[in-house]
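*Asks:* sequence unknown, structure follows:
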């Protein structure tokens, strides 16, 4: 294991700050208006995952880092709300893939626009360069998280 380049104190401060940020984002997410009365905010990541095309429930679950049973339940709600549908997998007719309906695409677009405007309002006072730099660092941190998830999923190792 390579030696750490960040002190424990600095890493602990970042960890605490991130816990607070995640909690606040979660709280705010639940206070945002719904785009469809039958769609809970917890299903938004599934909607966004379907932006990249039709997928099996297991692939959606992997992309949103959730368990298959939770995503399956969310997909069922999206299907019953008419924003998604299950169709035969073109590569394997015995399986099904999930895809957005026209209404689902509209809701996803509204969600993307609303989210961009929400973040734009929260970032008032920031310069475009500051946001670009923050985004670069956040992307780099996301890559570290992805690497950590991949390692833990491969080895089954659990350290917290």
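*Replies:* Good, I have the coordinates. Keep in mind it's a predicted model, so treat the numbers as computed, not measured. Residues are numbered from 1 along each chain as shown.
*Asks:* number of nearby residues for residue 95?
*Replies:* Around residue 95 there are 13 other residues, counting by other Cβ atoms under 10 Å. Where you see a C-beta, it was placed from the backbone N, CA and C, and this is true even at glycine.
*Asks:* Could you pull up the contacting residues of it?
*Replies:* Each residue near residue 95 by Cβ atoms under 8 Å, 6 or more residues apart in numbering is listed here: 56, 88-89.
*Asks:* Now it: phi and psi?
*Replies:* The phi/psi pair for residue 95 (degrees, to the nearest 10) reads phi -100, psi 170.
*Asks:* again with residue 39
*Replies:* When read as degrees, to the nearest 10, the backbone of residue 39 gives phi -110, psi 120.
*Asks:* pLDDT wise, what is it at?
*Replies:* Looking at residue 39, its pLDDT stands at 86.
*Asks:* next one: residue 160
*Replies:* 48.
*Asks:* now do residue 148
*Replies:* In this model, residue 148 is scored at 91, pLDDT.
*Asks:* Which secondary structure state does it sit in?
*Replies:* Three-state call for residue 148 (DSSP: H, G, I helix; E, B strand; the rest coil): helix.
*Asks:* And it, how far from residue 94?
*Replies:* Noted for residue 148: a distance of 35 Å to residue 94, by Cβ to Cβ, to the nearest Å.
*Asks:* And those two? Which one has more around it.
*Replies:* residue 148 (11 against 6).
*Asks:* Any figure for the gap between that one and residue 31?
*Replies:* 30 Å.
*Asks:* Quick check: which element contains the most centrally placed residue in the chain?
*Replies:* Centroid check for the chain by Cα atoms, centre = their mean gives residue 45 as the closest residue, at 4.4 Å. Using DSSP states H and E, residue 45 falls within helix 44-49.
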